[in-house]
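[1] what would the 3D arrangement of this be:
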Amino acid sequence: MSKKPLVSVITVTYNAKSYLEQTMQSVFAQTYPHIEYIIIDGTSTDGTLDIIKYHEKKIAFWVIEKDNGIYDAMNKGIRAANGELIGIINASDYYEPDTISEVVKAYLQHQDVGIFHGNINMLNMDGSFFKHKTAAKDVNNLCDGFSLFHPTFFVTKATYNQVGAYDTNFKIAADYDFALRCANANVKFFHIDKVISNFRVGGISSADRKKCLEESKKVLINNHIDEEKADSIYKKWKKHDRKNHIYRTVYESLRTFLPNKLMSRIALKFSVK
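    I've put the predicted structure just below:
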């Protein structure tokens, strides 16, 4: 293990020109210097290529080609990565400036850990703050729901070699499947109690919650949870999701006439956990 390990950061993007610059700048602004930046684009047509080419000298590897979904693109990035640690930050999301420094510090102190993760700020699509979420410290109950945040994950290359990358049979919840496979393989998780990433609510899993929950149920079964228990967990998720939907509907209505600072306080106090 190097005292200054190379960290690979992968950005997967498709027609996200409006947000990509912020994502890239958050990588370039990291206080940790030993970063290999990889961009995997699924043949964007919105001018994304111009942004990539403008920053080409700061990018270790980039490719623009069709893929079989977001997790296939992530797998391409993982295969291209040379770092001891690999983080994935999708276009539209961004890191805190000291994110990788904090992760590397934890990595050097906990050599038996395979996945480092942390807390997250949820943002509205316009970039304004929605709510802060703290990741679960105990991964023994992951089958009850994905209580970790994939945009904060930094996974060792050795863990991907051991467990494999993302199962592209899952189009929305392959990150949940990956986390469960790691937990079942006794990969150790380490929670960094700081904000690691800022995530815009509105991605594929946010846009179609019904499909996401149905696929997450299949993930449970794929990871040796019997169908009766998986169905029970699925029903609990649906109930929780209905509460979240009601809350979000009210929240969006209030946003039309209340200032962002007040809305942030409301989100912190009343959001469904």
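[2] residue ranges of the strands in the stretch 151-273 of the chain, please?
    Applying DSSP state E, counting those that start in this stretch to the stretch 151-273 of the chain gives strands spanning 154-156, 189-200.
[3] a markdown table for those strands, including mean neighbour count, mean pLDDT and distance to Lys57?
    Heads up, the C-betas are built off the backbone N, CA and C, glycines and all. A markdown table is the format used below for these (neighbours: other Cβ atoms under 10 Å; pLDDT from 0 to 100; distance: least, Cβ to Cβ, whole Å):
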| stretch | mean neighbour count | mean pLDDT | distance to Lys57 |
| --- | --- | --- | --- |
| strand 154-156 | 25 | 98 | 24 |
| strand 189-200 | 20 | 95 | 25 |
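[4] for the ones you listed, which one sits closest to Leu6?
    For those, the distance to Leu6 is smallest for strand 154-156, at 11.9 Å, taking Cβ to Cβ.
[5] test my guess that His55 contacts Thr23.
    No: with contact defined as Cβ atoms under 8 Å, His55 does not reach Thr23; the gap is 11.0 Å.
[6] so the two - more neighbours on which side?
    Shown here are His55 and Thr23; by other Cβ atoms under 10 Å, Thr23 has more neighbours (22 against 17).
[7] contacts only, for that one.
    Applying Cβ atoms under 8 Å, 6 or more residues apart in numbering to Thr23 gives the contacts Thr11, Thr13, Ala16, Ile89, Asn90, Ala91, Ser92, Asp93, Tyr94.
[8] if we go to 6 Å?
    Thr11, Ala91, Tyr94 (Cβ atoms under 6 Å, 6 or more residues apart in numbering).
[9] now do Pro259
    Contacts of Pro259 (Cβ under 6 Å, 6+ apart): none.
[10] can you read off the pLDDT for it?
    In this prediction, Pro259 carries a pLDDT score of 81.
[11] could you check how far it is from Ser128?
    10 Å (Cβ to Cβ, to the nearest Å).
[12] equivalent analysis for Ile233, please.
    Distance, Ile233 to Ser128, using Cβ to Cβ: 33 Å.
[13] the two: which is more packed in?
    Between Ile233 and Ser128, counted using other Cβ under 10 Å, the more crowded position is Ile233 (18 against 12).
[14] just confirm Val163 contacts Asn184, I think it does.
    No: contact criterion Cβ atoms under 6 Å: Val163 and Asn184 do not qualify, at 8.9 Å.
[15] who's more crowded, the two?
    More crowded of Val163 and Asn184, by other Cβ under 10 Å: Val163, with 18 against 13.
[16] now do the SS call for the nearest residue to Tyr95 once chain neighbours are set aside.
    Spatially, and ignoring its direct neighbours in sequence, Tyr95 is nearest to Ser26 (4.5 Å; Cβ to Cβ, 6 or more residues apart in numbering). The three-state assignment at Ser26 reads helix, by DSSP: H, G, I helix; E, B strand; the rest coil.
[17] got any ranges where the chain has weak pLDDT?
    The model of the chain has pLDDT under 70 over residues 1-2, 202-207, 267-273.
[18] what's the longest helix in it?
    With secondary structure taken from DSSP state H, the chain has its longest helix at helix 227-255.
[19] run a quick neighbour tally on the closest residue to Asp208 other than its chain neighbours.
    Nearest non-adjacent residue to Asp208, counting by Cβ to Cβ, 6+ apart: Ile172, 7.4 Å away. By other Cβ under 10 Å, the residues close to Ile172 number 22.
[20] now what about stretch 124-142, what contacts it?
    Around stretch 124-142, the neighbours that count as contacts under Cβ under 6 Å, 6+ apart are 117, 119-123, 147-149, 180, 183, 189, 191, 200-202, 260, 264, 267-268, 271.
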